[in-house]
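>>> next one to model:
(one chain, ligands or ions: 1)
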Amino acid sequence: MTLKQTIYDLTMTQMEEMLAEYGQKKYRAKQLYAWLYRKRVTSFDEMTDLPASLIEQLKERFVLSPLKLVNKQVARDKTAKYLFELQDGATIETVLMYFNFGQSVCVSSQVGCNMGCTFCASGLLKKQRDLTAGEIVGQIMYIQKELDIEDLRVGNVVIMGTGEPFDNYDNVMDFCSVINSDLGLAIGARHITISTCGIVPKIKQFAKEHKQYNLAISLHAPTQELRDRLMPINHAYPLDMLMNALKEYSEENNRRITFEYILLNGVNDSDEDAKILANLIRGMNAYINLIPYNEVDEHGYRTTNDKIALHFYDVLMKHGVKATLRQKHGDDIDAACGQLRAKHEMGK
Ligand code: SAH
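Prediction:
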């Protein structure tokens, strides 16, 4: 069976090029974007100001949403976790969170992940393939259509679900371009965050693009030795190489970098760790987001308790480094990255 491409794959430029193949003028791309992302229709037949012949051609070649909902869990704090099935039967997870500043969606960028971080549930299942741009857009669109009922919008997007976005660079950039387009969902670039475990060549490439998307770095350890143990990517791109790439990013872009640091009980949460971490980051245009660990049975790490987490935070602040202590969301459901999918796939 040949699967049709999703039309959500196409950036505005690609949409114009595709329409040119059918002899259509450029303004048709804007019309299509409006139907897809403003009116948020669910079929080509609803696009009443397009010529009937074009609608047939589009239907022949594309589908709209490439996703089917398989499972949805809603936590007490309204955090919702979605398990979607793609056209080829692969499954992915997406999370919706409610904050006082608005609704935030965490999207997956790959089916499974090959980065092998020792604490993460996503890596329990190896990468099957990259997601296309449209399969990532589809995650946002599914949730936006649900939010439409409550007259709410997706205001914030984080690429922190399963997968390594910089291991799927081009599709992730196209995804950002689609959701950022003024003619579509118009999610501000500064409301889109790309989180990477530290693929240095891609960080350098990203730095040169001068995009306004936020860059988050999964650091999780302040020394080469400890990071080597937690994150295999650190063998390929050692900590000093990563920090140099980030200095380059800061020279090219006047944007603050976020460092993510999961607190793992007795592993990376000592006083000494906090001091070394502060020394590493001090002076950079950056802050550290301390993240409570969502325990994953298979891995055996434990969450740092609140008292130690607060102390760690204090040490950073005292040593001149800005930090935030992230609140837990949806901890009564399978909220850890990849947990819902891992359970679903392994239970098959
Ligand atoms: N591959 C990218 C994006 C996906 S992971 C990256 O590494 O940044 C998104 C964030 O969630 C990362 O900081 C990751 O380390 C963190 N994470 C993974 N498993 C977690 C868990 N069980 N609890 C809390 N955070 C977790």
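
>>> alpha carbons only for contacts and neighbour counts from here, please
Fine.

>>> low-confidence ranges in the chain?
Counting by pLDDT under 70, the chain contains low-confidence ranges at 1, 328-340, 342-348.

>>> ranges for the strands of it?
Counting by DSSP state E, one finds strands in the chain at the ranges 5-6, 62-63, 68-74, 80-85, 91-99, 102-106, 110-111, 129-130, 154-159, 192-196, 214-218, 257-263, 286-292, 323-325.

>>> kindly reformat these as TSV containing mean neighbour count.
Output for the strands of the chain, formatted as TSV (neighbours: other CA atoms under 10 Å):
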stretch	mean neighbour count
strand 5-6	20
strand 62-63	17
strand 68-74	15
strand 80-85	21
strand 91-99	23
strand 102-106	20
strand 110-111	26
strand 129-130	18
strand 154-159	21
strand 192-196	21
strand 214-218	21
strand 257-263	22
strand 286-292	21
strand 323-325	18
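
>>> of all those, which one is nearest residue 238?
Evaluated over the strands of the chain, closeness to residue 238 peaks at strand 214-218, with 13.2 Å, by CA to CA.

>>> and the closest one, how far from the chain's centre?
Offset of strand 214-218 from its chain centre (CA atoms, centre = their mean, to the nearest Å): 10 Å.

>>> neighbouring strands for it, and are they parallel or not?
If you go by DSSP bridges, strand 214-218 pairs up with strand 192-196 (parallel), strand 257-263 (parallel).

>>> so which of the ones you listed comes closest to the ligand?
Among these, strand 192-196 comes nearest to the ligand, with 3.7 Å by CA to the nearest ligand atom.

>>> export that closest one as PDB, just CAs?
Taking Å, rounded to 0.1, in the frame of the first residue of the first chain, the C-alpha atoms of strand 192-196 are listed here in PDB:
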ATOM      1  CA  ILE A 192       8.600  27.400  20.200                       C
ATOM      2  CA  THR A 193      11.400  25.500  22.000                       C
ATOM      3  CA  ILE A 194      13.700  23.000  20.500                       C
ATOM      4  CA  SER A 195      15.300  20.700  23.000                       C
ATOM      5  CA  THR A 196      18.500  18.800  22.100                       C
END
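
>>> re the thing from before, redo the strands of the chain as a markdown table? Include distance to residue 123.
As requested, the strands of the chain are exported to a markdown table (distance: least, CA to CA, whole Å):
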| stretch | distance to residue 123 |
| --- | --- |
| strand 5-6 | 27 |
| strand 62-63 | 30 |
| strand 68-74 | 20 |
| strand 80-85 | 17 |
| strand 91-99 | 13 |
| strand 102-106 | 17 |
| strand 110-111 | 10 |
| strand 129-130 | 13 |
| strand 154-159 | 16 |
| strand 192-196 | 14 |
| strand 214-218 | 15 |
| strand 257-263 | 16 |
| strand 286-292 | 19 |
| strand 323-325 | 25 |
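
>>> can I get those in CSV including distance to the ligand?
Putting the strands of the chain into CSV (distance: least, CA to the nearest ligand atom, whole Å) gives the following:
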stretch, distance to the ligand
strand 5-6, 24
strand 62-63, 27
strand 68-74, 17
strand 80-85, 15
strand 91-99, 12
strand 102-106, 9
strand 110-111, 9
strand 129-130, 13
strand 154-159, 6
strand 192-196, 4
strand 214-218, 4
strand 257-263, 5
strand 286-292, 6
strand 323-325, 12
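
>>> quote the end-to-end distance of stretch 70-83.
5 Å (CA to CA, to the nearest Å).

>>> so which bits of the protein are right by the ligand?
Contact residues, the chain versus the ligand (CA under 6 Å from any ligand atom): 119-121, 160-164, 195-197, 217-218, 260, 262, 293-296, 336-337.

>>> now with 8 Å, please.
Neighbours of the ligand within the chain, by CA under 8 Å from any ligand atom: 108, 113, 115, 117, 119-122, 159-166, 194-198, 216-220, 260-262, 291-296, 336-338.

>>> residue 2: neighbour count?
5 (other CA atoms under 10 Å).

>>> got the contact list for residue 287?
256, 257, 258, 259, 281, 321, 322, 323, 324 (CA atoms under 8 Å, 6 or more residues apart in numbering).

>>> residue 119 and residue 299 touch, don't they?
Yes - under the criterion of CA atoms under 8 Å, residue 119 makes contact with residue 299 at 5.9 Å.

>>> who's more crowded, these two?
Between residue 119 and residue 299, counted using other CA under 10 Å, residue 119 has the larger neighbour count: 22 against 12.
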